[in-house]
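>>> All I have is the shape, not the residue letters:
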């Protein structure tokens, strides 16, 4: 085992040279980065979906660092068998997801897409029927989930002049306390009728799956806007589709879905749900771009967050953002 | 002339009953509101485009209060002849315009409209080519104009993690000093090359007309995003069209235009420019909806701002937001 301040890190998989260069340049002197094949002395593995053989190849492994936000179910199950290895992740893309959530709120609430389609045909009618729009300014926003993304949306919504509340499993949990009222999950039904924008930004777990269904949607008012940047399955697709199609809620902005392409071939021919959301005018639909995957600034942010976690471990013996395998996030 | 605290106000034109009720309920006891025909004792006229006969009908008129942001040219010219009547307006919709500006920044930068169009066809490709997107988070935002709208955009952009600067005719003017660097107009050319999002939120005057032209657009980089929520003529339409069509700038979000319907009949058949912006994929185009005209919360905001201005005059003899007829805003 190397001394305090030194650390051997293995980076699994293919990484763009630019990212490797930036990451290396940000690491403390004692932190060694290797790629290719893992060495037995390695103590940190940077990898999202490790195989069992990778974990076995480095007996001194103390940390698994997932290089994105989230915890794949297969990784969760495997790591339950390795209680000696702490699992961490990074929230480098929370600001990107929050920004998209805000973009979807405004686009759906202010009818940007329908206005654009009409004006391209010379039709100005949306200018004259804004009684149907919903502004974030002056509205009541409910953040369902108050982790990194929810908190970032909360800060932006506040700057926009919204009255914002949040729901969180542990209302006294870390981060941004006192900046807005945080309620426990039991308050959901009480808060929904007074919500203009519902922003779903929860992790997907057994407890959160389908948390917004027929009953919850029926509590929302007919001009309310639902935005989902968490995972599709948090909101039941049949009830959501029907609420939108029948105008029982006003609009939705959806970045996360129920069906995904399972291969490169399927990327141009995969409807994102079992229902025809694509026929609805009151939906803004984006193909899970919240995380900003591949954008240059996101990749820089990823490297900065990885370096911060690794340097913190080397300097202080402490790595932030530990994942709780039981909770699943 | 009535005593301190009392004020006779004439409201010109047709006002929805709901607005009249709300406005009346917000006014101090001594402030009397009349509609229909103007009385000779009236000291405040609420009206955007007064005729000469209206001004002459009330010899005690001390204030003209325009019930929206802006100053119509015909009103400016007429009021020059009445130096004894102070002209004021309200900025009740700045938050609405700022919100739309932010929505256009995100929609244009993150390719929300193209992504939506593709995903409706089952095409997920935008998920895999985000190297072409531009996030507000981590970007450099330049606010051209730092009045009520610019300052509101600045606050939101800051909450989103952008590095924001502003350009203002009088950098030491009132409002939000010290929250971000404010430069004089002469700095424009120096700042443009390092700008990722240019947000145009100036009033249209003789000095600002066409302020962004061929030369300025050529200084912007090929992934930069231009958003205009001021007036169309601030940005020269030919150069803007060509920069977008040739990919010399990345994208634009445009809420203000070069041609408007001049009658109700023309509302569904008026192309908004002399160039074919509607053929461009990298433009988000909305029909001047920034002000949120007609939305219920905007109308409530209008009443609150009118009441605040009138009560302030009745209580303190001071009305905020005086218009400078020489400057034109």
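Structure received. Quantities reported herein were computed from a predicted structural model and do not represent experimental measurements. Residues are numbered from 1 along each chain as shown, chains lettered A, B, ... in the order given.
>>> gap between the two ends of stretch A:241-256?
With Cα to Cα, to the nearest Å as the measure, the first residue of stretch A:241-256 is 14 Å from its last.
>>> now residue A:314: how far from residue A:21?
Applying Cβ to Cβ, to the nearest Å, the value for residue A:314 to residue A:21 is 19 Å. In short, each C-beta sits where N, CA and C put it, glycine included.
>>> These two: which is more packed in?
Between residue A:314 and residue A:21, residue A:314 has the larger neighbour count (other Cβ atoms under 10 Å in any protein chain shown), namely 23 against 12.
>>> Can you list the residue ranges for helices in the stretch 151-300 of chain A?
With DSSP state H, counting those that start in this stretch, the ranges of helices along the stretch 151-300 of chain A come out as A:188-191, A:214-219, A:237-245, A:296-316.
>>> Figure out which of the ones you listed is closest to residue A:197.
When the helices of the stretch 151-300 of chain A are compared by Cβ to Cβ, helix A:188-191 sits nearest residue A:197, at 12.0 Å.
>>> what's in contact with the closest one?
Helix A:188-191 is touched from outside by A:142, A:144, A:165, A:167, A:183, A:211, A:215, A:216, A:219, with contacts defined as Cβ atoms under 8 Å, 6 or more residues apart in numbering or on different chains.
>>> Just give the number of residues close to residue A:106.
Residue A:106 has 31 nearby residues by other Cβ under 10 Å.
>>> that older thread, dump the contacts of helix A:188-191 to TSV, plus pLDDT and distance to chain B.
Listed next are the contacts of helix A:188-191 as TSV, based on pLDDT from 0 to 100; distance: Cβ to the nearest Cβ, whole Å:
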residue	pLDDT	distance to chain B
A:142	98	17
A:144	98	20
A:165	97	17
A:167	97	21
A:183	96	22
A:211	98	24
A:215	98	27
A:216	98	24
A:219	98	21
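>>> Of the residues you listed, keep whichever come out buried.
A:142, A:144, A:165, A:167, A:183, A:211, A:216, A:219 (16 or more other Cβ atoms under 10 Å in any protein chain shown).
>>> Next, give me the two most distant ones among these.
A:165 and A:211 (16.3 Å).
>>> What residues does the stretch 151-300 of chain A have near chain B?
A:155-156, A:158-161, A:260-261, A:267-272, A:278, A:284-289, A:292-298, A:300 (Cβ under 8 Å from any Cβ of the partner chain).
>>> In ChimeraX, how would I select the buried members of these?
To isolate the buried ones among these in ChimeraX, judged by 16+ other Cβ under 10 Å, type:
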select /A:155,156,158,159,160,161,261,267,270,271,272,278,284,285,286,287,288,289,292,293,294,295,296,297,298,300
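>>> Go through the residues of the stretch 151-300 of chain A next to chain B and flag which are in strands.
Taking DSSP state E as the definition of strands, these contribute A:284, A:285.
>>> one step back: the contacts of helix A:188-191: which two are farthest apart?
A:165 and A:215 (19.7 Å).
>>> thinking again about what came up before, least reliable of the helices of the stretch 151-300 of chain A by average pLDDT, please.
Among these, helix A:296-316 carries the lowest mean pLDDT, at a mean of 92.
>>> quick one: contacts of it?
Outside helix A:296-316, the residues that reach it (Cβ under 8 Å, 6+ apart) are A:4-7, A:9, A:16, A:18-19, A:22-23, A:26-28, A:30-31, A:44, A:46, A:63, A:65, A:67-68, A:88, A:90-93, A:95-96, A:291-292, A:318-321, B:130-131, B:135, B:137-139.
>>> I'd like to know which of those residues are buried.
Counted by 16+ other Cβ under 10 Å, these give A:7, A:9, A:19, A:22-23, A:26-27, A:31, A:44, A:46, A:63, A:65, A:67-68, A:88, A:90-93, A:95-96, A:291-292, A:319, A:321, B:130, B:135, B:137-139 as buried.
>>> Can you name the residues that contact the residue nearest the centre of chain A?
Nearest to the mean C-alpha position of chain A, counting by Cα atoms, centre = their mean, stands residue A:230 at 5.1 Å. Each residue near residue A:230 by Cβ under 8 Å, 6+ apart is listed here: A:145, A:149, A:200, A:201, A:202, A:203, A:204, A:208, A:256.
>>> Quick one: list the elements packing against the helix or strand containing residue A:9.
Following DSSP states H and E, one finds residue A:9 within strand A:7-11. With contacts taken as 3 or more Cβ pairs under 8 Å, 6 or more residues apart in numbering or on different chains; DSSP states H and E, strand A:7-11 sits against strand A:31-34, strand A:44-46, helix A:296-316.
>>> tilt between the very next helix or strand once past that strand and strand A:7-11?
Note on strand A:7-11: by DSSP H and E, the next helix or strand toward the C-terminus is helix A:17-26. With axes from the mean of the first three to the mean of the last three Cα atoms, to 10 degrees defining the directions, helix A:17-26 sits at 170 degrees from strand A:7-11.
>>> contacting residues around helix A:17-26?
Residues contacting helix A:17-26 (Cβ under 8 Å, 6+ apart): A:11, A:15, A:33, A:35, A:299, A:300, A:302, A:303, A:304, A:306, A:307, A:311.
>>> hmm, try it at 10 Å
If you take Cβ atoms under 10 Å, 6 or more residues apart in numbering or on different chains as the criterion, helix A:17-26 is touched by A:9, A:11, A:15-16, A:31-33, A:35, A:46, A:67, A:296, A:299-300, A:302-308, A:310-311.
>>> domain ranges for chain A?
The record's domain split for chain A, according to automatic domain parsing, is A:7-92+A:295-316, A:94-285.
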